[in-house]
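> Below: sequence and its predicted model.
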Amino acid sequence: MSRAELILGTLVLMLLAMLTLCWALWPTPHQALPASAAAVRQRDDSLVAERRAPTAAEAAKAPHQLPRGMREERRVSATIKPRPVASGTEADCPPTSVDLSLVRDGDARRVVVSSPDGEVTSATDLVLEAEPTARPWAAGLSYDPIARTSGAWLERDVARLRLGIEVNQTEDHAGLSGRLRVGWVF
């Protein structure tokens, strides 16, 4: 084994050790819950909902059945007091509670609505902003300015792994060399 091969092997091992150490010590990303906020009554009599962290009992179980395979992301609860009937002959209705859950179905979101005080007769979920599309594929060109060789690569994200393939010209420009790549997405 030549001295250059020994140095290159040592550098590769050091790089792998540093990458492993960085991966082990890198903080795991977690999304912090939004800050609490008080309810705000607006001029049109609408109410900006109070925002707070749920208690353990509130977070334990949704107030309604969630569709199989869907994960609950948010829960909204509202109590509505109907306006008195104008004729005055009918009894006023008692306050009514409505529970909503925002659930994730793969890459899409849906809303589940229920009421412990009655039957939900209709519900509308207006999607005003499109969900960002996942782009698991990437492709590109590469160039080595020292050897003046070029190549191409293709990658795909699969869960927490990034898998790829790369094809380059050899240094004598007479053939091709290839690499398989595996990386960790963080």
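Done, it's in.
> Below-threshold pLDDT in this structure: ranges please.
Scanning the chain with the threshold set as pLDDT under 70 gives 1, 4, 21-33, 86-91.
> for this protein, which helix is longest?
helix 3-25 (DSSP state H).
> what's next to the helix or strand following it, contact-wise?
Following helix 3-25 in sequence order, the next helix or strand is strand 40-41 (DSSP states H and E). Residues from elsewhere that reach strand 40-41, judged by C-beta atoms under 8 Å, 6 or more residues apart in numbering: Leu47, Val48. Where C-beta positions appear, they are placed from N, C-alpha and C, glycine not excepted.
> strands paired with strand 40-41, and their directions?
Sheet pairing of strand 40-41 (DSSP bridges) gives strand 47-48 (antiparallel).
> Could you verify that Ala57 is part of a helix?
Yes - under DSSP: H, G, I helix; E, B strand; the rest coil, Ala57 sits within a helix.
> For burial, what's the neighbour tally of it?
Ala57 has 7 neighbouring residues, counting by other C-beta atoms under 10 Å.
> so how far is the longest helix of the chain from its chain's centroid?
In terms of C-alpha atoms, centre = their mean, to the nearest Å, the centre of helix 3-25 is set 33 Å apart from its chain centre.
> For Val185, give me its contacts.
Contacts of Val185 by C-beta under 8 Å, 6+ apart are Asp157, Arg160, Leu161, Arg162.
> what about burial for those, which qualify?
Neighbour-count burial (16 or more other C-beta atoms under 10 Å) applied to the contacts of Val185 gives Asp157, Arg162.
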